[in-house]
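# give me a model of this one.
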Amino acid sequence: MPEPTPDETKADAAQQSLVPRFTIRTLLVMLTVCAVIFVMIGTATRGQYWAWGVTIGILSVIIVALTHAAWFGIAWLFLQMSQDKPQISQSELQQLMASPPTESAAQSSPGEHAMRGAQQAS
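Numbering: from 1, shown residues only. Coordinates of the predicted model:
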């Protein structure tokens with residue numbers, strides 16, 4: 001087996017990381033944006049109407065983003081559940097369709113099968 005290249009090793013390490021990697025510039029921008037938002041919230045609590053409007057708008061965007069993330073998570077969960085089911089190959093499906101039904105299933109109706117099951121249970 002060939003040795004992995006340094007680029008492949010870095011890519012594997014990045015994929016295994018649980019916490020996303022941010023640069024200092026990104027963290028400073030996020031800190032600045034949060035500071036401006038909280039200054040606006042403080043201004044809104046002191047009675048400035050324009051700050052109330054901006055604060056409500058920002059909160060609305062945050063709520064919409066969280067709602068979209070929740071629906072994405074639910075859809076992703078259902079997708080993962082459907083992928084866990086064993087898949088039947090095309091050849092297996094053709095074999096099942098080509099095989100004749102068993103004699104007991106071919107001769108009895110569903111009602112007769114239910115009656116036999118009830119008689120055996122009692």
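# alpha carbons only for contacts and neighbour counts from here, please
Will do.
# and T26, how far is that from A65?
With distances taken as Cα to Cα, to the nearest Å, T26 is found 20 Å from A65.
# may I see the buried residues of the host helix or strand of L27?
Assigned by DSSP states H and E, L27 falls within helix 24-45. Buried residues in helix 24-45, counted by 16 or more other Cα atoms under 10 Å: I37, M40, I41, T43, A44.
# next secondary structure after it?
helix 49-83.
# hang on, the earlier thing: pick out whichever of the buried residues of helix 24-45 sits closest to F78.
Among the buried residues of helix 24-45, I37 lies closest to F78 (Cα to Cα), at 36.0 Å.
# low pLDDT regions in this structure?
Residues of the chain meeting the criterion pLDDT under 70: 1-18, 84-86, 101-122.
# quick one: S99 from S89, how far?
16 Å.
# got phi/psi on F22?
phi -120, psi 150 (degrees, to the nearest 10).
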